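Undergrad: give me a model of this one.
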Amino acid sequence: MFEGFERERVETPGAEIALVRGGDGPPVLLLHGYPQTHAMWHLVAPMLAEEFTVVATDLRGYGDSSKPFGDEDHSTYSKRTMAADQASVMVSLGFDSFAVVGHDRGARVGHRMALDYPNRVTKLAVLDIVPTRHVFETVGKDLATAYYHWFFFIQPYDLPETLIGADPSYYLHKKLGGWGTSLETFAPTALAEYERCFDAATIHASCEDYRASASIDLVHDGGDVDEGRKVVCPLLALWGKRGVMEGIYDVEAVWQEYADNVRGKPLDTGHFLAEERPEGTAQELKAFLAEQ
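TA: Presented below is the predicted three-dimensional model:
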């Protein structure tokens, strides 16, 4: 995977971030979701690298990046902290401004980056999410059933860690093979990477990621609302026509409440757009990223 890309590690104030970098042109940062790593971009990144400098990282707590143990207030895995990691990475690589494309948890980090670093994030693409605050404010039976893990992972340490850790491979496969996607979708090399990285430290870190979303992240999100702060850069929302978002939300309309310049569309996929429809996903991203 990622032939022609360079592998690097960048030390940030709070974590060491693993990444791959390739291509030439305007910089684009790719952020993965749960329960994956930067490997989820292995089909899309080479296509984007034809026109852009592509940086695909492992979020703190995932892949080969640092996995610090969570603090009592979960700030170690707040989206503000995770966004700061990624902003530091891009500055370290020489990019003062850049576009961000995020899927799932990575899209939530990207959303926070666009709010906290409006002078650096030039464009934001979010794949298969609506904002965290909106989810918690509107959750009903259908969402709670499909996304039960949102409420399982936020239980106090170490209940979810212990239960998931009893059979990590089983749990990983159940997550990847859900939300409208077949497990057979994933390339064996990518699946092997997800399995390799889904260790006890990642299980804990990912639970802390979700605990933060249900606590300190909502405090930060509330501050944005109180101050009337929205995403000011152009925002593209893509989501899966066979996924959870399509059945519950008017995704584009929701994002219009949180950003000034929004457009969006569904693709014929489940949750994992970049691996189910890599060409279609790359085509939409290229068109968006190339616009002046």
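
Undergrad: quick one: contacts of stretch 157-169?
TA: 70, 152-153, 171, 195, 198-200, 203-204, 207 (CB atoms under 8 Å, 6 or more residues apart in numbering). Just so you know, the C-beta spots here come from the backbone N, C-alpha and C atoms, and that holds for glycine as well.

Undergrad: of those, just the buried ones, ChimeraX syntax please.
TA: Selection of buried members from those for ChimeraX, criterion 16 or more other CB atoms under 10 Å:
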select :70,153,171,198,203,204,207
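
Undergrad: Leu236: which of the contacts of stretch 157-169 is nearest?
TA: Checking the contacts of stretch 157-169 against Leu236 with CB to CB, the nearest one is Phe153 at 27.7 Å.

Undergrad: tell me the contacts of the closest one?
TA: Per CB under 8 Å, 6+ apart, neighbours of Phe153: 160, 206-207, 209-211.

Undergrad: what do you get for Met113?
TA: With the criterion set at CB under 8 Å, 6+ apart, Met113 makes contact with 83, 86-87, 100, 120-121, 124.

Undergrad: as a markdown table, these with pLDDT, distance to Phe52 and neighbour count would be great.
TA: Shown next, in a markdown table, are the contacts of Met113 (pLDDT from 0 to 100; distance: CB to CB, whole Å; neighbours: other CB atoms under 10 Å):
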| residue | pLDDT | distance to Phe52 | neighbour count |
| --- | --- | --- | --- |
| Ala83 | 98 | 21 | 25 |
| Gln86 | 98 | 16 | 29 |
| Ala87 | 98 | 18 | 20 |
| Val100 | 99 | 12 | 30 |
| Arg120 | 98 | 16 | 17 |
| Val121 | 98 | 15 | 26 |
| Leu124 | 99 | 15 | 27 |
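
Undergrad: out of those, which are inside strands?
TA: If you go by DSSP state E, these have 100, 121, 124 in strands.

Undergrad: that older thread, reformat the contacts of stretch 157-169 as TSV; add distance to Arg9.
TA: Output for these, formatted as TSV (distance: CB to CB, whole Å):
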residue	distance to Arg9
Gly70	22
Phe152	32
Phe153	27
Tyr171	28
Glu195	22
Phe198	20
Asp199	18
Ala200	21
Ile203	22
His204	21
Cys207	24
